[in-house]
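Colleague: Sharing a sequence plus its predicted fold:
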Amino acid sequence: MMDNDQKTLIDNVSVAIFVLERNTENQPVYIALNEYACRKAGLSLSDVLGKTAKEIYPGRFGQLAYENHCACLLSGQATTYDLKLSLSAYNAHIKTNLSPIKDKNGQVIRIVGTSTTANAENIIREAHEKSILQNSEIEKLVHLSAHDLRSPMRNVKQLTEILADNFVDLGDGKLKLVEMLKKVSDSTFALIDNILDYARATGSTESIEDFELAPLCREILSMLDPSNMHTANIENVSITGDKMATQITLRNLIDNAFKHNHDPVEISIKASKPKPGYFQIAVADSGIGSKNPQKLFEQNAPQKIDDGHGLRGVTRMLNKRSGEISAATPKEGHGMVVQFSLPGKIIDKS
């Protein structure tokens with residue numbers, strides 16, 4: 001039992017404090033509970049002294065608290081647990097820390113516990129932080145898996161192309177199977193690329209710097225259109241902003257414009273100032289367009305295998321940076337116009 005000085009000491013602390021010791025049956029029982037804890041739980045010392053948590057508190061709370069007390073007693077390790085306590089005078093989420101006190105032989109002789117109330121805001125924040133961490137780990141795993149699959153899938157794609165080029169049609173339907181195999185390998189390879197695009201976009205870090213729009217676009221075009229099949233008209237402006245996010249977004253938009261249009265297309269890329277503190281880039285193409293362009297960048301919109309996971313990654317990346325992205329059908333002609341904005345500015349050289 002605690003002496004009067006120790007009892008007075010813990011009674012003057014505005015945090016719930018309790019002390020546990022082993023009883024004759026080797027169970028952790030309460031030998032002390034400060035006034036703050038008694039008042040919050042609506043209990044008296046006579047209600048708790050010499051009893052286990054499962055004897056004091058009803059239902060699941062008491063059982064789980066008792067199990068945590070026993071585990072601390074057995075392991076000798078400090079631990080923390082969160083439980084919901086529901087009593088007639090008290091309903092709250094309780095976060096409890098257990099600190100074991102050991103004798104010279106290393107055996108736990110006493111456990112000192114402190115309990116605090118976790119309000120709704122803290123619970124939501126902790127859950128959000130945990131969710132972010134879990135999502136980050138999942139995205140890393142997806143990125144690594146897609147990267148590992150890319151090389152063998154490229155080999156399958158190349159083998160099916162060789163098979164299709166040298167295949168002699170005997171009229172037995174096998175040529176159709178080879179063509180189906182090639183189509184599946186192409187789609188699968190494209191899907192892996194899209195997943196990698198998504199991972200790159202969501203995992204990119206902010207990089208504010210001055211850059212020229214035209215050279216940035218020409219670098220992207222040299223990679224996506226090495227044979228110069230398409231035509232691009234680019235406004236040459238200087239921008240201060242997130243160059244990496246701009247490059248990733250442009251690469252995805254230009255790549256989608258090319259791969260969803262079999263014929264050569266004309267692309268126009270222009271910059272503007274939508275509002276103070278932001279720059280906007282519009283990418284217009286003369287392709288086949290989309291029936292519902294405004295839904296392309298909705299996070300919950302249904303997608304086909306070839307729609308591009310990179311677009312979802314781009315949307316998340318821009319939103320995370322307080323940017324926006326939208327698509328529409330041009331007022332004149334056909335095709336599609338995609339506009340995205342980011343914090344920054346267009347540099348006035350006049």
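Modeller: Everything's here; your move. Numbering: from 1, shown residues only.

Colleague: Let me see the ranges of the strands in the stretch 251-350 of the chain.
Modeller: Using DSSP state E, counting those that start in this stretch, the strands of the stretch 251-350 of the chain run over 266-272, 278-285, 324-328, 336-346.

Colleague: TSV for those strands, including mean neighbour count and distance to residue 114?
Modeller: No exception for glycine: its C-beta is placed from N, CA and C like everyone else's. What follows is the strands of the stretch 251-350 of the chain, written out as TSV (neighbours: other CB atoms under 10 Å; distance: least, CB to CB, whole Å):
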stretch	mean neighbour count	distance to residue 114
strand 266-272	18	57
strand 278-285	22	48
strand 324-328	17	46
strand 336-346	21	44
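
Colleague: Please point out the stretch among the ones you listed with the lowest average pLDDT.
Modeller: Across the strands of the stretch 251-350 of the chain, the stretch with the lowest average pLDDT is strand 324-328; it has a mean of 90.

Colleague: Contacts for that one, please.
Modeller: By CB atoms under 8 Å, 6 or more residues apart in numbering, the list of residues contacting strand 324-328 from outside reads 249, 290, 293-294, 296-297, 314-315, 318, 336-341.

Colleague: before we move on, the earlier item: out of the strands of the stretch 251-350 of the chain, which comes closest to residue 58?
Modeller: strand 324-328 (51.4 Å; CB to CB).

Colleague: Residue 212 contacts residue 238, doesn't it?
Modeller: Yes - applying CB atoms under 8 Å, one finds residue 212 in contact with residue 238, separated by 5.7 Å.

Colleague: Keeping just the C-alphas, turn stretch 318-325 into CSV.
Modeller: Extracted C-alpha coordinates of stretch 318-325, given in CSV (Å, rounded to 0.1, in the frame of the first residue of the first chain):
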residue,chain,number,x,y,z
LEU,A,318,-1.9,19.0,-57.8
ASN,A,319,-4.5,19.0,-55.0
LYS,A,320,-1.8,18.4,-52.4
ARG,A,321,-0.1,21.6,-53.7
SER,A,322,-3.3,23.6,-53.6
GLY,A,323,-3.5,23.3,-57.4
GLU,A,324,-6.5,22.4,-59.6
ILE,A,325,-7.0,20.5,-62.9
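
Colleague: one step back: and the contacts of strand 324-328, which two are furthest apart?
Modeller: For those, the farthest-apart pair by CB to CB is 290 and 341; their separation is 20.3 Å.

Colleague: can you give me the end-to-end distance of stretch 225-238?
Modeller: The first residue of stretch 225-238 is 24 Å away from its last residue (CA to CA, to the nearest Å).

Colleague: that older thread, possible to save the strands of the stretch 251-350 of the chain as CSV with distance to residue 220?
Modeller: Converted to CSV, the strands of the stretch 251-350 of the chain look like this (distance: least, CB to CB, whole Å):
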stretch, distance to residue 220
strand 266-272, 10
strand 278-285, 11
strand 324-328, 17
strand 336-346, 14
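
Colleague: Could you list the domains of the chain?
Modeller: 4-118, 125-203, 206-350 (automatic domain parsing).
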